[in-house]
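Visitor: Need a 3D model of the following:
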Amino acid sequence: MGNSVPRAIIWVFWALVGAWLLTLLWPAVAPRPEATPRTVSPRGDLAADEQSTIALFEAAKDSVVFISTRQNVRDYWTRNVMSVPRGNGSGFVWDERGHVVTNWHVIDGASEATVRLSNGRDYRAALVGASPDHDIAVLRIGVGFEPPPPVPVGSSADLRVGQKVFAIGNPFGLDWTLTTGIVSALDRSLPAENGRSIEHLIQTDAAINPGNSGGPLLDSAGRLIGINTAIFSPSGASAGIGFAVPVDTVNRVVPQLISSGRYLRPVLGIEVHAGLNDRLSRETGVRGVFVLGVQPDSAAARAGLRGALMRRDGGLDIGDAILAVNGREVDSLDELFASLDEHEIGSTVTLRIWRQGNEIELPVELQAGSTALSNR
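Guide: Purely as a prediction, here's the structure:
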């Protein structure tokens, strides 16, 4: 009688252990029911906007290229020169002669560049010309290249906020990636690496990441409306704020780069200084660009612009200040340069001038700026 209780407990324990083991082993030994793939539900036709997006991508992707660059470096110990990877970006075919357009910062500092087409073939490319002020560069693929059709060119002057846009590029090396969005804002400006600013940029919320630079921004008709050039993001990844160089700028700069290897800005032939300009603006309350000097036999000299004069006592007699170009107000040097850059060399613009407290208008025929004087 005394041993009956412990023996009962032992039996209960082993019964629980057996039930636990059966629970574990039952799925492995129990017969399984027959299973077949589920029936696929008919999808129906793609939505109209999906069909148009697919058609746009398929029409444009062959014209988009992947660009990888290398840089020559000298080994510290052996003094041997080695070629090492530098970076990558995107670009697009410009014409049937093998010209490829990309950003200047994609190839800046590189000793060689390789262009990969959507068919997977790689080609060595040579630099034809570049305009760092616009962040635009043109490469050319040489012998044995059968270029895809160029990207159709659109217009950026008539863009409106809210329009759909499509970006194709190689973000983080993930080639031929399509992202979509809208035009978020127009006429933005960003500082460039050379200290100047890039004006009239298109802002978009289409996802643009490192590697997208140089790729095309397209409208819903598949036309080129800009070159994806930069993002605004503390992390370096897309934060919904991307920028593109407008196609009207591209279509003005690229032909010069192809024909002469450089871009000559239309200029006035004046001397200006950013720091002094800000000081004179504060002292006089005049918002514009103050002319410090007029180059002899320049467009400005022929138009009668007056520069500042230094007095015998060391003081400064303020000269003209440019307030507007063809009615468009200019408050800074960058705005003046951008306004002039919209016109052709040899064309005439009307300057609104502040002169000794009065406002007058002067017509000026723009001249070509040399490389050294292209910012004047």
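
Visitor: can you give me phi and psi for residue 125?
Guide: Listed backbone geometry of residue 125 is phi -120, psi 150, with angles given as degrees, to the nearest 10.

Visitor: I'd say it and residue 100 touch.
Guide: Yes: using C-beta atoms under 8 Å, residue 125 makes contact with residue 100 at a distance of 6.4 Å. Quick note: C-beta positions are derived from backbone N, CA and C, even for glycine.

Visitor: neighbour-wise, which of those two wins?
Guide: Set side by side, residue 125 and residue 100 show more neighbours around residue 100, with 28 against 25, by other C-beta atoms under 10 Å.

Visitor: close enough to count as contact, that one and residue 142?
Guide: No: proximity of residue 100 to residue 142 does not meet the contact threshold set by C-beta under 8 Å, at 11.5 Å.

Visitor: Give me the common contacts of the two.
Guide: When contacts are counted by C-beta atoms under 8 Å, 6 or more residues apart in numbering, the set common to residue 100 and residue 142 consists of residue 125.

Visitor: Using CSV, write out the CA atom coordinates for stretch 6-21.
Guide: Extracted as CSV, the C-alpha positions of stretch 6-21 are listed here (Å, rounded to 0.1, in the frame of the first residue of the first chain):
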residue,chain,number,x,y,z
PRO,A,6,5.0,6.5,-6.0
ARG,A,7,4.3,3.8,-8.6
ALA,A,8,1.3,5.7,-9.8
ILE,A,9,3.3,8.9,-10.2
ILE,A,10,5.9,7.0,-12.2
TRP,A,11,3.2,5.7,-14.6
VAL,A,12,1.7,9.1,-15.0
PHE,A,13,5.2,10.5,-15.7
TRP,A,14,5.9,7.9,-18.4
ALA,A,15,2.5,8.4,-19.9
LEU,A,16,3.2,12.1,-20.3
VAL,A,17,6.6,11.4,-21.8
GLY,A,18,5.1,9.0,-24.3
ALA,A,19,2.4,11.6,-25.3
TRP,A,20,5.1,14.2,-25.8
LEU,A,21,7.2,11.9,-28.0
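
Visitor: chain center to it, what's the gap?
Guide: The offset between the C-alpha centroid of stretch 6-21 and the centroid of the whole chain comes to 74 Å, using C-alpha atoms, centre = their mean, to the nearest Å.

Visitor: what comes up buried for it?
Guide: Residues of stretch 6-21 classed as buried: none (neighbour count, 16 or more other C-beta atoms under 10 Å).

Visitor: What mean pLDDT does it get?
Guide: Averaging pLDDT along stretch 6-21 gives 75.

Visitor: contact partners of it?
Guide: Residues from elsewhere that reach stretch 6-21, judged by C-beta under 8 Å, 6+ apart: none at all.

Visitor: same question, stretch 300-309
Guide: Residues outside stretch 300-309 that contact it (C-beta under 8 Å, 6+ apart) are 268-271, 290-295, 316-320, 351, 353, 355, 362-365.

Visitor: Just the buried subset of the residues you listed, written out for PyMOL, thanks.
Guide: The buried residues among the contacts of stretch 300-309 can be selected in PyMOL (16+ other C-beta under 10 Å) with this line:
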select buried, resi 268+269+270+290+291+292+293+294+295+318+319+320+351+353+355+362+364
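
Visitor: Filter the contacts of stretch 300-309 down to just the ones in strands.
Guide: 270-271, 290, 293-294, 316-317, 351, 353, 355, 362-365 (DSSP state E).

Visitor: so which of the residues you listed comes closest to residue 261?
Guide: Sorting these by distance to residue 261 puts residue 365 at the head of the list, at 25.3 Å, by C-beta to C-beta.

Visitor: Surely the closest one and residue 344 touch.
Guide: No: contact between residue 365 and residue 344 fails when scored by C-beta under 8 Å: they sit 10.6 Å apart.

Visitor: Counting residues, which strand of the chain comes out longest?
Guide: In the chain, assigned by DSSP E, the strand with the most residues is strand 177-191.

Visitor: in it, what counts as buried?
Guide: Along strand 177-191, these residues count as buried under the neighbour rule (16+ other C-beta under 10 Å): 177, 178, 179, 180, 181, 183, 184, 188.

Visitor: Reformat the residues you listed into a markdown table and put distance to residue 148 and pLDDT next to each item.
Guide: Converted to a markdown table, those look like this (distance: C-beta to C-beta, whole Å; pLDDT from 0 to 100):
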| residue | distance to residue 148 | pLDDT |
| --- | --- | --- |
| 177 | 18 | 88 |
| 178 | 16 | 91 |
| 179 | 21 | 91 |
| 180 | 22 | 91 |
| 181 | 25 | 92 |
| 183 | 26 | 94 |
| 184 | 30 | 93 |
| 188 | 31 | 88 |
